[in-house]
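[1] Structure, please.
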Amino acid sequence: MPDTTAEQREKLMADLKLVVADAEELLKLTANHVGEGATGLRERLNDRINQAKHKLRDLQASATETAKAAGHAADDYVHEHPWKSVAIGAGLGVILGMLISRR
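    You can find the predicted model right below:
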């Protein structure tokens, strides 16, 4: 999943959390149904929910680590090239100011 953007990852994590919550609610609603097939299905669904939760935690940890690494890289760059960073920030500020004033 290295091609996905941070926004896509966040949306995917939110969607997965919603699916897991819905599946857990479905398990609770069908808890009073008895039978060998229903029991087996609930056990398999419960196992899959647990697997999805673990994958979701791993994905979230990966996204957090990637964000931290990007933050550290930006911090290192600013410390190594302070004047270049100031010039870039000022240039972006001027461009943004021009765009805002055109409205």
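
[2] how about the lowest-mean-pLDDT helix or strand in the chain: buried residues?
    None of the helices or strands of the chain scores lower by mean pLDDT, DSSP states H and E than helix 6-29, at a mean of 77. The neighbour-count check on helix 6-29 (16 or more other CB atoms under 10 Å) flags 9, 16, 20 as buried. In this view, the C-beta of every residue, glycine as well, is placed from N, C-alpha and C.

[3] does the last one really touch Ala52, like I thought?
    I take that to be Val20. Yes - the pair Val20 / Ala52 is scored as a contact, 5.3 Å apart, by CB atoms under 8 Å.

[4] Can you name every helix or strand that the top helix by length along the chain contacts?
    Using DSSP state H, we find that the single longest helix of the chain is helix 36-80. Judged by 3 or more CB pairs under 8 Å, 6 or more residues apart in numbering; DSSP states H and E, helix 36-80 is in contact with helix 6-29.

[5] Need the residues that contact the helix it packs on.
    1, 4, 42, 45-46, 48-49, 52-53, 55-56, 59-60, 63, 66-67 (CB atoms under 8 Å, 6 or more residues apart in numbering).
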